[in-house]
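Enquirer: With the sequence up front, the predicted model follows.
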Amino acid sequence: QYVLTQTPSVSGAPGQRVTISCTGSSSNIGAPHDVHWYQQVPGTAPKLLIYGNSNRPSGVPDRFSGSKSGTSASLAITGLQAEDEADYYCQSYDSSLGGVVFGGGTKLTVL
Amino acid sequence: QLQLVQSGAEVKRPGSSVKVSCKASGGTFRGYTIMWVRQAPGQGLECMGRIIPIIGVPDYSQNFQGRVTITADKSTSTAYMELSSLRSEDTAMYYCTRDLADHGLDPWGQGTLVTVSS
């Protein structure tokens, strides 16, 4: 259903580190096209968290980091906080489809 | 700092159309691309299409081709998304956002809830 594949859910205790993966193909992440990450707190609009694979917009804590390798990308969150509980989406561009594509989202639960 | 302000929630009958607006506040569209993204209840994000307002030529995603019309009024820095032949599955939150290409999608409008119900 979604061009990019994300694990549906992940959880961690406060202070821990979690990673969220995003798997694509040679026509998107592996093309290579940049990967961007968004955080969506329930009931609010998505917010840009990481752009260009590993860059943080102004105001985003350095607890959030992104990386990319081959046809996959990852978002890492260190020092988990209760406020990090949200849905996280990866996004890229797909050359075959000729447009923006998203992952299905990963729900992060802070235990 | 650019903000995108969307029109309010809508309730529509099946078979009708809805038109959602997205106005730039604190700036103009300039040469940017505005994209429309749909999010069905409990689901992920889906690109519907986009437009560069100063050029005015839209580009639609395959899943919405033929049912969606995206326009823009550069004089008021407002973009519009019209979805026709509405069905219950179109009940969703609709967002506009600025497409910065290699800098991601930012900012996002607050979203417009469209409910399709008889």
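Expert: Received the coordinates, thanks. Residues are numbered from 1 along each chain as shown, chains lettered A, B, ... in the order given.
Enquirer: Get me the contact residues on chain A for chain B.
Expert: A:2, A:34, A:36, A:38, A:45-48, A:50-52, A:57, A:89, A:91, A:97, A:99-105 (CB under 8 Å from any CB of the partner chain). C-beta here means a position set from N, CA and C on the backbone, and glycine is covered the same way.
Enquirer: can you rerun that using 10 Å?
Expert: Residues of chain A lying close to chain B (CB under 10 Å from any CB of the partner chain) are A:1-2, A:4, A:6, A:33-38, A:40, A:43-53, A:55, A:57, A:87, A:89, A:91, A:93, A:97-106.
Enquirer: Among those residues, which lie within helices?
Expert: Within these, no residue falls in helices by DSSP state H.
Enquirer: Run through the residues of chain B sitting next to chain A.
Expert: B:4, B:6, B:35, B:37, B:39, B:42-50, B:59-62, B:93, B:95-111.
Enquirer: cutoff 7 Å now
Expert: B:35, B:44-47, B:61, B:95, B:102-106, B:108-111 (CB under 7 Å from any CB of the partner chain).
Enquirer: Pull out the buried members of the residues of chain A next to chain B.
Expert: Among the residues of chain A next to chain B, those classed as buried by neighbour count (16 or more other CB atoms under 10 Å in any protein chain shown) are A:2, A:4, A:6, A:33-38, A:40, A:45-53, A:87, A:89, A:91, A:93, A:99-106.
Enquirer: can you pull out the strands in chain A?
Expert: A:5-6, A:9-12, A:18-23, A:36-40, A:47-50, A:64-69, A:72-77, A:86-94, A:99-102, A:106-110 (DSSP state E).
Enquirer: quick one: least confident helix or strand in chain A?
Expert: Least confident element among the helices and strands of chain A, by mean pLDDT, DSSP states H and E: strand A:99-102 (a mean of 95).
Enquirer: Okay, now the sheet partners of that strand, with direction.
Expert: Note on strand A:99-102: by DSSP bridges, its sheet partners are strand A:86-94 (antiparallel).
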